[in-house]
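Novice: 3D, please:
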Amino acid sequence: MSSREVREVRIGSRQLRLVNLGKVLYPQARFTKAQVIDYYLRISGALLPHLRDRPLTLKRYPNGVDQPYFYEKRCPKHRPPWVRTAEADGIEFCLVNDLPSLIWVANLADLELHVPLARARSFRRPNMVVFDLDPGAPADLVQCCEVGLLLRGLFDSLRLRCYAKTSGSKGLQIYLPLNRPGLTYDDTKPFARAVAEALEREQPARIVSNMKKSVRAGKVLVDWSQNDPHKTTVCVYSLRAKERPTVSTPVTWEEVEACAKNGSAGGLTFDSEAAVRRVEESGDLFAPLLELKQELPRLSARR
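Specialist: Below you'll find the predicted structure:
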């Protein structure tokens, strides 16, 4: 396939012009733009409900993952008229609510899909809390799994259900669905910080809640700061711009437990094919985030 190949395709009632399909975007894996588009097409049934009505920040790699990239918050002016948008904080964001819009952003070499914790119509009212577990070397995903289990234990004691996914990079992300319309970030951010600081007090040799790199070596950062209207987190099922086309993939707690017990993270790295296969076999493990309603405990950060 020529790197300059152009195809006119019809998706539903929409006509799209796909370009540079043969361009290699993941050089080490020889993974092309056509394969990126094909992945997003195949995973779309599970992915689109998590993108729906969420302002999208594009992270574009026009010349591949080993070349310069750029973030694009403002929806490109050259978008088709059928791509929906929404204004938040004075910026007109793209909304990827359907398959044609998803394929359109993939055609822009938007490898990574980054979204906030709230939908556009209620931009300052998150419907979930996220804890981004980021290991400081030599800590790795195994230690993130250990900390993830501590988080689950805490939420179990509060009779709350939480869900885990890989970041698609080196960490683990724990989501607490809420889906309560009255909540704001003024509720969820102090709660997330209080949880992170409580874990740090309990396990100071393993956990840190401060993002300063000087204090993170060998520990897992429980990053609570993502619970903010100005922050985004990589969407579930998004590709990541790594050497291989890895995916931010939901995992079961049994898989997290096995990682922690065996001391091996190899089973928690999923490429595009593995992510599609898991959805085909098990469905969307993150589906509860869309509807599960839970009360947020009233905790506050220690001053």
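Novice: And the strands in the stretch 51-200 of the chain, which stretches?
Specialist: 57-60, 70-72, 85-88, 91-94, 110-115, 128-135, 163-166, 172-177 (DSSP state E, counting those that start in this stretch).
Novice: Pipe those strands into a markdown table and attach mean neighbour count and mean pLDDT per row.
Specialist: Quick note: C-beta positions are derived from backbone N, CA and C, even for glycine. Rendered in a markdown table, the data for these read as follows (neighbours: other C-beta atoms under 10 Å; pLDDT from 0 to 100):
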| stretch | mean neighbour count | mean pLDDT |
| --- | --- | --- |
| strand 57-60 | 21 | 98 |
| strand 70-72 | 12 | 97 |
| strand 85-88 | 16 | 96 |
| strand 91-94 | 19 | 97 |
| strand 110-115 | 23 | 98 |
| strand 128-135 | 22 | 98 |
| strand 163-166 | 25 | 98 |
| strand 172-177 | 24 | 98 |
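Novice: Tabulate those (CSV), appending distance to Ser101.
Specialist: Shown next, in CSV, are these (distance: least, C-beta to C-beta, whole Å):
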stretch, distance to Ser101
strand 57-60, 12
strand 70-72, 15
strand 85-88, 10
strand 91-94, 7
strand 110-115, 11
strand 128-135, 23
strand 163-166, 23
strand 172-177, 24
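Novice: how about those, which one is nearest Tyr26?
Specialist: strand 110-115 (8.7 Å; C-beta to C-beta).
Novice: hang on, the earlier thing: closest one to Leu183 among the strands of the stretch 51-200 of the chain?
Specialist: strand 128-135 (9.3 Å).
Novice: Give me the contacts around the closest one.
Specialist: 117, 141, 143-144, 147-148, 151, 167, 170-179, 188, 191-192, 195-196, 216, 219-224, 226-227, 233, 289, 296 (C-beta atoms under 8 Å, 6 or more residues apart in numbering).
Novice: same thing but 7 Å
Specialist: If you take C-beta atoms under 7 Å, 6 or more residues apart in numbering as the criterion, strand 128-135 is touched by 117, 141, 143-144, 147-148, 151, 170-178, 188, 191-192, 196, 220-224, 226-227, 233, 289.
Novice: can you check stretch 169-184 too?
Specialist: So stretch 169-184 is in contact with 124-135, 140-141, 144-145, 148, 151, 155, 160, 162-167, 233, 240, 242, 288-289, 291-294, 296, going by C-beta under 7 Å, 6+ apart.
Novice: buried ones in the one helix or strand Glu273 maps to?
Specialist: For Glu273, the host element (DSSP states H and E) is helix 272-282. Neighbour-count burial for helix 272-282, counted by 16 or more other C-beta atoms under 10 Å, picks out 272, 275-276, 278-279.
Novice: cool, stretch 218-231 as well?
Specialist: So, applying 16+ other C-beta under 10 Å, buried residues of stretch 218-231: 219-224, 226-227, 229, 231.
Novice: buried ones in stretch 140-153?
Specialist: Those would be 140-152, for stretch 140-153 by 16+ other C-beta under 10 Å.
Novice: Among the residues you listed, which one sits closest to Asn107?
Specialist: Of the buried residues of stretch 140-153, the one sitting nearest to Asn107 (C-beta to C-beta) turns out to be Leu141, at 31.8 Å.
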